[in-house]
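**Student:** Pasting the sequence and the predicted coordinates here, then a few questions.
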Amino acid sequence: MLLNNCNTDPVVSEIPEMNFESVTLYKNRSGKDSMIILTLNYKDGDGDVGLSEADSLPPFNFGNAGFYNLLVGYKVKKNAIWQNIIIPGGADTLNFNQRFQRLNRTNKNKTVTGTIDLRIPASPYPGIFPDTIKLISQMVDRKLHKSNITGSSAINLKH
């Protein structure tokens, strides 16, 4: 008799995946919202997410597509429509893009999974106090593969 033992571990894509998990609001002493903690789940089949300090040449240098590896958009609800916030006095859209460290520090392809907690101020810019917001996120790996876009549900803020 011959028995074969097959590995039944699921195959995980080398394209990163993200999912919204939760939002936690922290209040200041006056009982007003001051900080938003956005919790995201991630998974990457080859573990090439994150950047090191040495990643400073194209395409990972400032101004190029790979500089930020976690894209975080901040949307406000105005007249039932989700809109970007334009920074006062300019034309740039307000966002909270991040650059996080490598998660797999070996040179081997290895599935990585986990959660990321982002801290975002409830008042995202001086003088801006939105009532209802939504946070949109996307992860970018070292091969510049972009994950799915995930978003929070509506977040009602008290300022």
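**Tutor:** That came in fine, so what should we check first? Numbers count the residues shown, from 1 in each chain.
**Student:** For the rest of this, base every contact and every neighbour count on C-alpha atoms.
**Tutor:** Fine.
**Student:** was I right about G151 contacting K75?
**Tutor:** No. Judged on CA atoms under 8 Å, G151 makes no contact with K75 at a distance of 10.0 Å.
**Student:** Need the overlap of contacts for those two.
**Tutor:** Residues touching both G151 and K75 (CA atoms under 8 Å, 6 or more residues apart in numbering) are 134-136.
**Student:** Flag the shaky bits of the chain, pLDDT-wise.
**Tutor:** Per-residue confidence for the chain (pLDDT under 70) gives these ranges: 1-10.
**Student:** Can you show me the strands along it?
**Tutor:** Secondary structure of the chain by DSSP state E: the strands cover 17-27, 33-44, 70-78, 81-84, 112-121, 132-139, 150-151, 155-156.
**Student:** nearest to L103, of these?
**Tutor:** The minimum distance between L103 and the strands of the chain falls on strand 112-121, with 7.3 Å, by CA to CA.
**Student:** first to last residue in stretch 143-159, what's the distance?
**Tutor:** 41 Å (CA to CA, to the nearest Å).
**Student:** Could you do stretch 24-44 as well?
**Tutor:** Using CA to CA, one end of stretch 24-44 lies 25 Å from the other.
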